[in-house]
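Chemist: okay, predicted coordinates and the sequence, questions at the end:
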Amino acid sequence: MISFIVPAYNEEALIGRTLEAIDQAGRCAGEPYEIVVADDASSDRTAEIAESHGARVVNVNLRQIAGTRNAGAREATGDKLIFVDADTVVSNKVVHAAIDEMRRGAAGGGCAVDFDGRLPRYAELMSPLMVRIFRATGFACGCFVFCTRQAFDATGGFDETLFASEEIAMSRALKRQGRFVVLRESVTSSGRKLRMYSGREVLRLLGGILLAGPKGLKRRDGLDVWYGGRREDPEFAGD
């Protein structure tokens, strides 16, 4: 059985399309599937929308992506786990490829990511570079990670001491359990964070993390791109 696990915080604007895409891919997967939404203290209609799309909602109050993913995984019943961010759209092809790799013995993997909408110039330059870096290093992008239940349990799940870069730590942990695959297929994630934050703000954030070292990833402070309150996409603010 396949378990799609979707961590979410105040995602009423985008989670509907995410779940529709997952449901479509699940129907084409060739085996039973479930969708588990781990709702991390949302104050909007995230949980209501998730339930209306047939998802099982797990309520948590962590405000931490690693812990929220783990909470969803604990409630999931499948032997194949696919973690999809609430602002990310999967295709039938990428889900089929992930399932096929797990059936062939892969412990886990990920894929590249494309961003929707118009991107600021700095993001247009940075995004392809980041994709190349992730492919070269063999790490999964955080918005789409898959693994077998056996490998997930063996790793202990996502590292809950981390508030960012937990997907890199998980990639490393899964590699110790067996074959780790970065798929050729991609998912499409929202480009809103790249539109919401200026290049200067992003550089300041990255600089702060570099100066703080590993300790900077173990606290929420300074990680506003992931944990800040901005949700309204400037590209669609007038709609």
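Modeler: Yep, that arrived. Numbering: from 1, shown residues only.

Chemist: quick one: contacts for the most centrally placed residue in the chain?
Modeler: In the chain, the residue lying closest to the centroid (C-alpha atoms, centre = their mean) is residue 143, at 2.4 Å. Residue 143 sits next to 84-85, 87-88, 113, 187, 189 when contact means C-beta atoms under 8 Å, 6 or more residues apart in numbering. (C-beta placed from N, C-alpha, C; glycine too.)

Chemist: can you rerun that using 7 Å?
Modeler: 84-85, 88, 113, 187, 189 (C-beta atoms under 7 Å, 6 or more residues apart in numbering).

Chemist: of those - the most surrounded one?
Modeler: Neighbour counts for the contacts of residue 143 peak at residue 84, which has 26 neighbours (criterion: other C-beta atoms under 10 Å).

Chemist: ok, that residue - contacts?
Modeler: By C-beta under 7 Å, 6+ apart, the neighbours of residue 84 are 4, 6, 18, 22, 90, 143-144.

Chemist: could you give me the buried positions within stretch 175-190?
Modeler: Buried residues in stretch 175-190, counted by 16 or more other C-beta atoms under 10 Å: 175, 177, 180-183, 185-190.

Chemist: what lies in contact with stretch 112-127?
Modeler: 131, 134-135, 141, 143, 186-191, 194-195, 199, 235.

Chemist: stretch 170-183 now?
Modeler: Residues outside stretch 170-183 that contact it (C-beta under 7 Å, 6+ apart): 94, 97-98, 101, 105-111, 135, 138-140, 145, 147, 151, 154-155, 158.

Chemist: for it, how far is the first residue from the last?
Modeler: Distance between the boundary residues of stretch 170-183 (C-alpha to C-alpha, to the nearest Å) amounts to 16 Å.

Chemist: what's the average pLDDT for that stretch?
Modeler: In this model, stretch 170-183 has a mean pLDDT of 97.

Chemist: which residues does residue 56 form beta bridges with?
Modeler: Counting by DSSP bridges, residue 56 is bridged to residue 36.

Chemist: isn't it right up against residue 38?
Modeler: No: using C-beta atoms under 7 Å, residue 56 is not in contact with residue 38; the gap is 9.9 Å.
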